[in-house]
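> For reference, the sequence and a predicted model appear below.
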Amino acid sequence: MKKRDLINIEDFSEKEIGEILSVARSLKWKKGRRSQELAGKSVALVFQKPSNRTRVSFEVGIWQLGGNCVYLNPQEIQLGVRETVADVAKTLSRFVDGIVARTNTHEDVEGLARFASVPVINGLSDLQHPCQALADLLTVQEKFKNFKDLTLAYVGDGNNNVCHSLLLGAALVGLNMNVATPGDYAPNKTIVQKAQRLAKATGAKILCSGSPQEAVSGAHVIYADTFVSMGQEAETAARLKTFKDFQVNEQLAKLAYKNYVFMHCLPAHRGQEVTEAIIDGKHSVIFDQAENRLHAQKAVLKFLLGKGKE
């Protein structure tokens, strides 16, 4: 059987995403129980960036599925510096049964997938974060039971991996998505166009604007992300000034659906992209969302590496 990868969320079809979310819900119901789905298999975590949720959720998930995890930090691998991406991919393929990569560039994770003979999972790149998007969709599904007639409003920096994968994931499952960003921080045009094409098949509506009020009005989910991502620290002062009108606060949230939920992929900066009252308030589901990384990723591991996938 030809190996499958998860590099972009659209690598999975609407039906496959539905199956993965169903498995993830079942795994969550059995939370903490070990299985032998990955017995005798090893998965390498190749990380160019430090991580909390991605590393811990994958390590714990692989262990709970009966597999072995090998963590390789940035100094040990140095993709494209100490060794070429192709050489790393081909070498690791001789040792392990799967690779999870957290890379600086999307080209690096694409290269790993191209040259590896084992499945590669994108744990984060500069363009997409499919594992986060799957956990987010799982969270929305938990809170509202389905995606039909729901709207997710993303407010902040749209030109980032989380927003890109959410746009495509929402379009695939039929979830409406509004994105509000300052003009220079709109989502990647190619991603938006692809999301709009996918949305035609599912009936989802995709809206990109410069108005947080327009995006949040009537929304069932309000989603925020940091204004200053890892590696952008030198831009902090300029970004905080640019995004000052894009904070998710009590006044903005009043425009949303009465029983809206607030989501954030973390880490969060209270007082910047969101106020304490919102992120620590009754509408916040950020820790359910964080936990769902574990269950969604276990479902992906089962899909790509589990029994029947040899």
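Right, received. Where do you want to start?
> V70 in helix, strand or coil?
Under DSSP: H, G, I helix; E, B strand; the rest coil, the three-state class of V70 is strand.
> for it, what are its contacts?
Contact analysis of V70 by C-beta atoms under 8 Å, 6 or more residues apart in numbering lists S42, V43, A44, L45, F95, V96. All C-beta atoms are positioned from the backbone trio N, CA, C, and that covers glycine.
> does it have beta-bridge partners, and which?
Assessed by DSSP bridges, V70 has beta-bridge partners A44.
> pLDDT score assigned to it?
You'll see V70 listed with a pLDDT of 98.
> Could you do G306 as well?
Each residue has a pLDDT score; the one for G306 is 86.
> Around it, how many other residues sit close by?
19 (other C-beta atoms under 10 Å).
> buried set for stretch 250-265?
Of the residues in stretch 250-265, L252, A253, L255, A256, Y257, Y260, V261, F262, M263, H264, C265 count as buried by neighbour count, 16 or more other C-beta atoms under 10 Å.
> Equivalent analysis for stretch 26-46, please.
Under the neighbour-count criterion of 16+ other C-beta under 10 Å, stretch 26-46 has L27, K28, S35, E37, L38, K41, S42, V43, A44, L45, V46 buried.
> quick one on the thing from earlier: how about the buried residues of stretch 250-265 in JSON lines, adding secondary structure and pLDDT?
Compiled in JSON lines, the buried residues of stretch 250-265 are given as follows (DSSP: H, G, I helix; E, B strand; the rest coil; pLDDT from 0 to 100):
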{"residue": "L252", "secondary structure": "helix", "pLDDT": "98"}
{"residue": "A253", "secondary structure": "helix", "pLDDT": "98"}
{"residue": "L255", "secondary structure": "coil", "pLDDT": "98"}
{"residue": "A256", "secondary structure": "coil", "pLDDT": "98"}
{"residue": "Y257", "secondary structure": "coil", "pLDDT": "98"}
{"residue": "Y260", "secondary structure": "coil", "pLDDT": "98"}
{"residue": "V261", "secondary structure": "strand", "pLDDT": "98"}
{"residue": "F262", "secondary structure": "strand", "pLDDT": "99"}
{"residue": "M263", "secondary structure": "strand", "pLDDT": "99"}
{"residue": "H264", "secondary structure": "strand", "pLDDT": "98"}
{"residue": "C265", "secondary structure": "coil", "pLDDT": "97"}
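> And those residues, which two are furthest apart?
Comparing all pairs in these by C-beta to C-beta, the longest separation belongs to L255 and C265, at 22.1 Å.
> and the gap between the residue nearest the centre of the chain and T103?
The structure's the chain has its C-alpha centroid closest to Q132; by C-alpha atoms, centre = their mean the separation is 1.9 Å. Counting by C-beta to C-beta, to the nearest Å, the gap between Q132 and T103 amounts to 15 Å.
> Please apply the same query to A180.
Distance of A180 to T103, given as C-beta to C-beta: 28 Å.
> follow-up on the earlier one: within the helices and strands, which one has the residue nearest to the centre of the chain?
If you go by DSSP states H and E, Q132 is part of helix 130-144.
> Off-centre distance for the next helix or strand after that helix?
Sequence-wise, the next helix or strand downstream of helix 130-144 (DSSP H and E) is strand 151-155. Distance, stretch centre to chain centre, for strand 151-155: 15 Å (C-alpha atoms, centre = their mean, to the nearest Å).
> same question, stretch 278-296
Distance of stretch 278-296 from the chain centroid (C-alpha atoms, centre = their mean) equals 13 Å.
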